[in-house]
Every structure is written in structure tokens, then in C-alpha cells.
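1. give me a 3D structure for the following:
(chains A and B)
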Amino acid sequence: MSNPHTSSSGESHGSVSSYIIGFVLAVVLTVLSFGVVMSHSLSPAGTLAAVSALALVQVLVHLHYFLHMGGDSEQRWNNMCFVFTVAFVAILIVGSVFIMNNTALHMMSR
Amino acid sequence: MAQNTTVQTAGHDEHHHESPVVFGFWVYLMTDCIIFGTLFAVFAVLRNQFNGGPTGHELFEFGGLGLETALLLVSSITYGFGMIAAHKSQVSKVILWLGVTFLLGLGFVGLELREFAHMIAEGAGPDRSAFLSAFFTLVSTHGLHVTCGLIWIVTLIAQLMGTTEIPERMMNKLTCLSLFWHFLDIVWICVFTYVYLASMI
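-> Purely as a prediction, here's the structure:
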């Protein structure tokens, strides 16, 4: 029960310490992704993969510490909505990129 | 944890019970997410269609991008401090933090407009290539959202002026804006990663 998120007063809106933890994590992740690109230490594909992974982690950090998403029963509908949206957007982006690349390949426009 | 659930089911006017207003706003944010998803898909498809025009590598610079990102990140935590003050009913502190958040957001929009003006002056406007059309559509949609957030902050500050406590209705408004503001920060993470950094590799 030492976790600020489970204390009775900080259930859905966080505390000063949880905001600061989230902020520090966000700053570290942002600086890391800028650093990876600016240092040119990895191959282009490796850099893209590293930056994508860092962005994913940072989005999760923001969802947890700033938007206070969690697994408790009261947020069930919020979470269901969210999962639907993520699935929808993933299909939209992956599908569009796949179809357009495939078309370009067959039309030899690229 | 077990205690928490019993408390929540027993008393429905419990302090942190989520209002249907906030849930409705969450559903709106999810639809907004689909708008951004669509624009990201468009950008992903058109990102290499330069038509002989400037590439992202030539146009984008780390300094401005880093500053914009920093402003938005700091504004996220200042809004968070505002929410903490709101839960303690410290109205003057809420106004102070909202004011700081407003200034940071204004700085972000200002930097973005300066960047756009600079690009257009260089002949790299939205009409130059498909890449730039997609870039301007995506980034300015985000900027427009931030601008709406700024107007919303001013409205709430005006409504809070002269009051001494925060009724539930006001709390719902502040919570919705909190979700909106933090959501825009998440969109910006994807923008600086996939639009800017991915073009600068």
C-alpha cells in the first residue's frame, strides 16, 4: 500500500510523487530517443526500431501516470473503448501502409 | 484493493467515482484518436513522395523540435499539479497552475507557427509535395487541438475567478481538460518520433 496509486485519496487522480515519477520517466525516454537519432550510433533500421520502442514505452508511461489508466473495475468501459480504438487504428495504419506499398510495387512507381 | 472495491460499490457518491460526463469525454477522445490515426496513416503512405522538393532531413532541426517537446512535456506536469490542487479545493493554486500551463502551451503554438512560417517562406509549404501536404495536415491538426485546449484553459480560469470552492460540475470540466491535454501530449510523442525523428535518421 506504499504505492501512491492505491492510497485511498489518490485512486483516480494521482499524487505529486506519481506525477513527478511520470515526468522524470518521460523526460528520460524523450532524451534517449533524441540521443539515439542525434548520435547516429545505430543503423537506420536499428535507430527506427529503438525510437519506436522508446515511443511505445513513453506512451504507456503517459497513460499510466498522467491519464491514470489502470485495471480497476470502475475503468472497465474506458479500457474496452481504448482497446477497440487501438485495434482500429492499428488495422488502419498497418493496412494502409501494406496496401499502398503493394500497389506501388505492382505499378513499379517506386 | 479488496477494500477499495467494496467502498466503491457501497457509496455511489464516493469522492473518486467517475462521472458519466468524463466517460463521455473519454469516448470523444477515442474518436479523436482515430482522426489522428488516419492522418498518421496518410503521412506513413506519403512520407517519401518529395516530388523533387525538400526532404524532412533538410527541413527539420533538433533545436526547435526539442524546445517544443520540452514545453509540452512540462505543461503536462504543471496541469497535473493543477489537478492535485483542484482535488484539495485550492482555487487560487489551480488558477496559478492553469496559467502556467497556458503560457507553456502558448509557447508551443508560437514555436510551431514560427516553424511553419519559416518553412512556407523557404518554399516548403503544404503545396510543394505530397510529403509536405501530409506533414502540414497532421502537425497543424495537432496544433489546432492545442489551440482549442488553450481557449478552454482561459475559459476555465475565467469561471474559477472569484470562486472559493470547486463544485463537482467544475471538477468534471477540469478532469475532461486534463484528459484532453495529456492526450495531446501522447499524440505529440508519436509526432516527434514518426514525423520528425524518423525523417532525420
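
2. what's the pLDDT at residue 49?
-> Assuming you mean chain A. We have a pLDDT of 95 for residue A:49.

3. you looked at the wrong chain, it should be chain B
-> pLDDT, residue B:49: 91.

4. got phi/psi on it?
-> Note on residue B:49: backbone dihedrals following degrees, to the nearest 10 are phi -90, psi 80.

5. could you report the neighbour count for it?
-> 16 (other C-beta atoms under 10 Å in any protein chain shown). All C-beta atoms are positioned from the backbone trio N, CA, C, and that covers glycine.

6. how about residue B:45?
-> 19.

7. dump the residue contacts of it.
-> The neighbours of residue B:45, taking C-beta atoms under 8 Å, 6 or more residues apart in numbering or on different chains as the test, are A:96-97, A:100, B:134.

8. and with 6 Å instead?
-> A:96, A:100 (C-beta atoms under 6 Å, 6 or more residues apart in numbering or on different chains).

9. in terms of helices and strands, where is the residue in chain B that chain A sits nearest to?
-> Per C-beta to the nearest C-beta, residue B:37 is where chain B lies closest to chain A, at 3.4 Å. Following DSSP states H and E, one finds residue B:37 within helix B:20-46.

10. state the distance from the residue of chain B closest to chain A to residue A:79.
-> Going from residue B:37 to residue A:79 by C-beta to C-beta, to the nearest Å gives 18 Å.

11. so for the two, which residue has more residues nearby?
-> Using other C-beta under 10 Å as the criterion, residue B:37 and residue A:79 rank with residue B:37 on top: 21 against 14.

12. tell me the phi and psi of the residue lying closest to the more buried one once chain neighbours are set aside?
-> Nearest residue to residue B:37 in three dimensions, chain neighbours excluded: residue A:89, at 3.4 Å (C-beta to C-beta, 6 or more residues apart in numbering or on different chains). Dihedral angles of residue A:89 (phi, psi; degrees, to the nearest 10) stand at phi -70, psi -40.

13. quick revisit: next one: the next helix or strand after the helix holding residue B:37 to chain centre, how far?
-> As assigned by DSSP H and E, the chain's next helix or strand after helix B:20-46 is helix B:56-59. Relative to its parent chain, helix B:56-59 has a centroid offset of 24 Å by C-alpha atoms, centre = their mean, to the nearest Å.

14. do stretch A:87-95 as well
-> The answer for stretch A:87-95 is 15 Å, by C-alpha atoms, centre = their mean.

15. so what does residue A:42 have for phi and psi?
-> Here residue A:42 shows phi and psi, under degrees, to the nearest 10, equal to phi -110, psi 170.

16. give me the low-pLDDT residue ranges for the chain?
-> No chain specified, so I'll use chain A. Applying pLDDT under 70 to chain A picks out residues A:1-13, A:110.

17. try chain B instead
-> B:1-17.

18. quick check: residues of it near chain A?
-> Taking C-beta under 6 Å from any C-beta of the partner chain as the contact definition, chain B meets chain A at B:16, B:18, B:26-27, B:30, B:33, B:37, B:40-41, B:44-45, B:69, B:73, B:76-77, B:80, B:83, B:87, B:182, B:186, B:189, B:193, B:197, B:200-201.
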